[in-house]
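Trainee: fold the following.
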Amino acid sequence: MNPTRQLTAGHAENAEKTFTLRSMRALRLFVVFAMTALPLQAWAQDTHLLVITGVGGDEEHTKNFHKWASAMIETAKKKDGLTDANITYLSEKPELDPANIKGKSTKEGVEKAFTDIAQRARPNDAVFIVLIGHGSFDGHQAAFNLPGPDLTPADFARLLGTLATQRVAFVNTASSSGAFLPTVAGAGRVIVTATKTGGERNETRFPEFFVEAFNDDAADRDRNGRVSIAEAFEYAKARVTKAFEQQGLLMTEHAALDEGPGTGLAASLFLAPPQGTLKVDTSDPAVRALAEQRDAIEKQIAALKLMKPSMDDTKYNAQMEKLLTDLAMKTKEIRDRQTKKDRDR
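Mentor: Here you go, the predicted structure:
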């Protein structure tokens with residue numbers, strides 16, 4: 001037999017096997033994506049947004065704080081579908097927007113807002129707290145400046161303690177906000193601060209860019225149509241750095257994010273659940289356990305996506321395929337059980 005023909009035939013056979021394997025893999029991935037195309041939402045799962053603007057000090061700052069707060073709220077409503085009932089906006093000057101501002105941002109007003117959210121939020125709900133304003137730090141004690149008594153890290157830690165069963169994002173965009181990190185960090189929380197330490201006392205640029213991220217497709221790094229807390233943080237941090245560089249100034253703020261090691265929580269928290277989700281009744285302990293397992297897989301997927309730039313493509317694809325398959329199987333288990341439960345009612 002002609003050696004050339006043997007070699008050609010061998011190559012053709014290997015190519016056919018490679019093509020078949022790739023086709024099978026592509027088919028498996030297609031099935032996985034098809035099975036997970038409609039996300040799940042726990043029956044009781046919801047999102048609550050609390051935006052607090054502090055003392056402006058002058059008309060310009062007061063207007064800017066209100067502009068950024070309003071922009072975030074409008075994005076949450078129009079782009080993410082969050083309802084007015086789940087949005088609380090507290091301001092130094094409620095008269096700026098009586099239709100949307102639900103109270104004055106005094107210490108008592110903030111405490112009441114936390115109490116109200118804690119009473120209506122159910123386990124596993126997402127709660128976003130966003131502080132926009134001025135902060136202070138005297139070398140020992142930090143504070144977020146409000147009309148009347150300020151709130152300290154210890155005050156906010158106490159208030160966050162009322163949301164122990166929820167997934168919480170606490171975002172302090174003020175100066176000296178880094179001093180809050182050690183005190184307010186905790187399990188089930190993502191903490192974002194505009195500065196790394198309390199000593200970074202200069203006015204921050206972070207809030208403008210953080211709010212902007214939720215309405216800018218460029219912030220959506222994984223192209224899933226929504227911007228997570230992790231994506232908004234990275235976007236704002238990069239924009240702040242660029243702004244200082246363009247003006248030839250030394251950086252006076254360094255944003256920080258804490259979510260606990262290996263949780264991937266920041267990448268899985270969004271302003272609102274995706275539209276068209278399948279609601280699952282988690283009053284059934286078995287369904288609740290399956291939903292929690294599915295949530296854990298989603299967090300692993302989110303964490304893996306963030307690691308992609310530093311990973312070998314083959315290793316990344318293999319791990320992602322396994323996680324997507326696990327996610328699809330878990331989704332199917334939940335759907336089957338929910339469908340059977342609905343049918344038996």
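Trainee: can you give me the buried ones in stretch 179-197?
Mentor: Buried residues in stretch 179-197, counting neighbours by 16 or more other Cβ atoms under 10 Å, are found at 179-181, 183-186, 188-195, 197. All C-beta atoms are positioned from the backbone trio N, CA, C, and that covers glycine.
Trainee: need the max-distance pair from the residues you listed.
Mentor: Spatial extent of those (Cβ to Cβ) is set by the pair G188 and T197 at 24.6 Å.
Trainee: going by distance to A286, which of the buried residues of stretch 179-197 wins?
Mentor: Taking Cβ to Cβ as the measure, A286 lies nearest G188 of the buried residues of stretch 179-197, at 22.7 Å.
Trainee: the buried residues of stretch 179-197 in helices, which ones?
Mentor: Using DSSP state H, the subset of the buried residues of stretch 179-197 located in helices is 181, 183-184.
Trainee: just give me the closest of these to D116.
Mentor: Nearest to D116 out of those is V184 (Cβ to Cβ; 19.8 Å).
Trainee: which residues sit in contact with that closest one?
Mentor: If you count contacts by Cβ atoms under 8 Å, 6 or more residues apart in numbering, V184 has them with 153, 156-157, 160, 170, 191.
Trainee: just the buried residues out of those, in PyMOL syntax.
Mentor: Here is the PyMOL command that picks out the buried ones among those, judged by 16+ other Cβ under 10 Å:
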select buried, resi 153+156+157+160+170+191
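Trainee: residue ranges with poor pLDDT in the chain?
Mentor: Scanning the chain for pLDDT under 70 picks out the ranges 1-45, 262, 273-283, 338, 341-345.
Trainee: and the nearest residue to A266 once chain neighbours are set aside, how far is that from G133?
Mentor: Closest residue in space to A266, ignoring its immediate chain neighbours: A230 at 3.8 Å, by Cβ to Cβ, 6 or more residues apart in numbering. Using Cβ to Cβ, to the nearest Å, one obtains 23 Å as the distance from A230 to G133.
Trainee: which of those two has more residues huddled nearby?
Mentor: Remark: of A230 and G133, G133 carries more neighbours, 27 against 24, as counted by other Cβ atoms under 10 Å.
Trainee: roughly how far does the more buried one sit from E208?
Mentor: According to Cβ to Cβ, G133 stands 13 Å off from E208.
Trainee: for L306, same thing?
Mentor: Going from L306 to E208 by Cβ to Cβ gives 24 Å.
Trainee: I132 now?
Mentor: Counting by Cβ to Cβ, the separation of I132 from E208 is 9 Å.
Trainee: which one's more surrounded, these two?
Mentor: Legend: neighbour count by other Cβ under 10 Å for I132 and E208, higher for I132 (30 against 19).
Trainee: re the thing from before, could I get the contacts of V184 as TSV with secondary structure?
Mentor: Shown next, in TSV, are the contacts of V184 (DSSP: H, G, I helix; E, B strand; the rest coil):
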residue	secondary structure
P153	helix
F156	helix
A157	helix
L160	helix
F170	strand
I191	strand
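Trainee: list just the nearest of the contacts of V184 to I73.
Mentor: Checking the contacts of V184 one by one against I73 (Cβ to Cβ), the nearest turns out to be F170, at 17.3 Å.
Trainee: touching, the closest one and L159? I think so.
Mentor: No. Look at F170 against L159 with Cβ atoms under 8 Å: they stay out of range, at 9.5 Å.
Trainee: now the common contact residues for I132 and E208.
Mentor: Common neighbours of I132 and E208 (Cβ under 8 Å, 6+ apart) are W68.
Trainee: tell me where this protein has strands.
Mentor: Counting by DSSP state E, the chain has strands at residues 40-42, 47-53, 87-91, 103-104, 126-132, 135-137, 142-144, 167-172, 189-193, 256-258, 278-280.
Trainee: hmm, who's touching the second one?
Mentor: In this case it means strand 47-53. With contact meaning Cβ under 8 Å, 6+ apart, strand 47-53 is reached by 65-66, 69, 72-73, 76, 82, 86-92, 105, 110, 113-114, 117, 120-121, 125-133, 144, 146, 270-273.
Trainee: do stretch 215-229 as well
Mentor: Contacts of stretch 215-229 (Cβ under 8 Å, 6+ apart): 71, 75, 79-80, 169, 171, 190, 192, 213-214, 231-232, 234-235, 257, 266-271, 274, 302, 305.
Trainee: pop out the phi and psi values for R201.
Mentor: Dihedral pair for R201: phi -90, psi -10, per degrees, to the nearest 10.
Trainee: for it, list the residues it contacts.
Mentor: For R201, the contact set (Cβ under 8 Å, 6+ apart) comprises 135-137, 175-176.
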